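K.L.:
Sequence plus predicted model, see below.
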Amino acid sequence: MATDGVRAALAVILLAALPSGCAALKDRTAPCKRPAGLSSYAADPRRECGPMHPINDPSLAFAAIGVIDGE
């Protein structure tokens, strides 16, 4: 009877260890830790956006959301 419990425990441990693989944690996660610039081989097709500037008048934006100066 006791050997059945030991066998069941070993089976659970074996099934839990199988998905972890044989490599070390550092080796399994290495692709996720590399900077994007080192992982890509093609040039970035996106253009630069340029400097940002405000679009709305701040007083009109505050009035639209119901904020009044001084409160």
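P.N.:
Ah, there it is. Bear in mind that the values here come from a model prediction, so they are computed numbers and not experimental data. Numbers count the residues shown, from 1 in each chain.

K.L.:
Now do stretch 5-14, average pLDDT.
P.N.:
Across stretch 5-14, pLDDT averages out at 84.

K.L.:
For that stretch, list the C-alpha coordinates in PDB.
P.N.:
Coordinates of the C-alpha atoms in stretch 5-14 are reproduced here as PDB (Å, rounded to 0.1, in the frame of the first residue of the first chain):
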ATOM      1  CA  GLY A   5       1.500   6.300  -2.600                       C
ATOM      2  CA  VAL A   6       5.200   6.600  -3.400                       C
ATOM      3  CA  ARG A   7       4.600   5.600  -7.100                       C
ATOM      4  CA  ALA A   8       1.800   8.200  -7.300                       C
ATOM      5  CA  ALA A   9       4.000  10.900  -5.800                       C
ATOM      6  CA  LEU A  10       6.900  10.100  -8.200                       C
ATOM      7  CA  ALA A  11       4.500  10.200 -11.100                       C
ATOM      8  CA  VAL A  12       3.200  13.600 -10.100                       C
ATOM      9  CA  ILE A  13       6.700  14.900  -9.700                       C
ATOM     10  CA  LEU A  14       7.700  13.500 -13.100                       C
END
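
K.L.:
and for stretch 60-71, what are the contacting residues?
P.N.:
Outside of stretch 60-71, the residues within contact range by Cβ atoms under 8 Å, 6 or more residues apart in numbering are Ser59. For every residue, glycine as well, the C-beta is placed using N, CA and C.

K.L.:
Send me it as PDB with only the CA atoms.
P.N.:
As requested, the backbone C-alpha atoms of stretch 60-71 are provided in PDB (Å, rounded to 0.1, in the frame of the first residue of the first chain):
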ATOM      1  CA  LEU A  60     -11.600  75.000 -23.700                       C
ATOM      2  CA  ALA A  61     -10.400  71.500 -22.700                       C
ATOM      3  CA  PHE A  62     -10.900  72.200 -19.000                       C
ATOM      4  CA  ALA A  63     -14.400  73.700 -19.700                       C
ATOM      5  CA  ALA A  64     -15.300  70.600 -21.700                       C
ATOM      6  CA  ILE A  65     -14.600  68.300 -18.800                       C
ATOM      7  CA  GLY A  66     -16.200  70.600 -16.200                       C
ATOM      8  CA  VAL A  67     -13.000  71.900 -14.500                       C
ATOM      9  CA  ILE A  68     -13.100  75.500 -13.500                       C
ATOM     10  CA  ASP A  69      -9.900  77.400 -12.600                       C
ATOM     11  CA  GLY A  70      -9.600  78.100  -8.900                       C
ATOM     12  CA  GLU A  71     -11.400  75.000  -7.600                       C
END
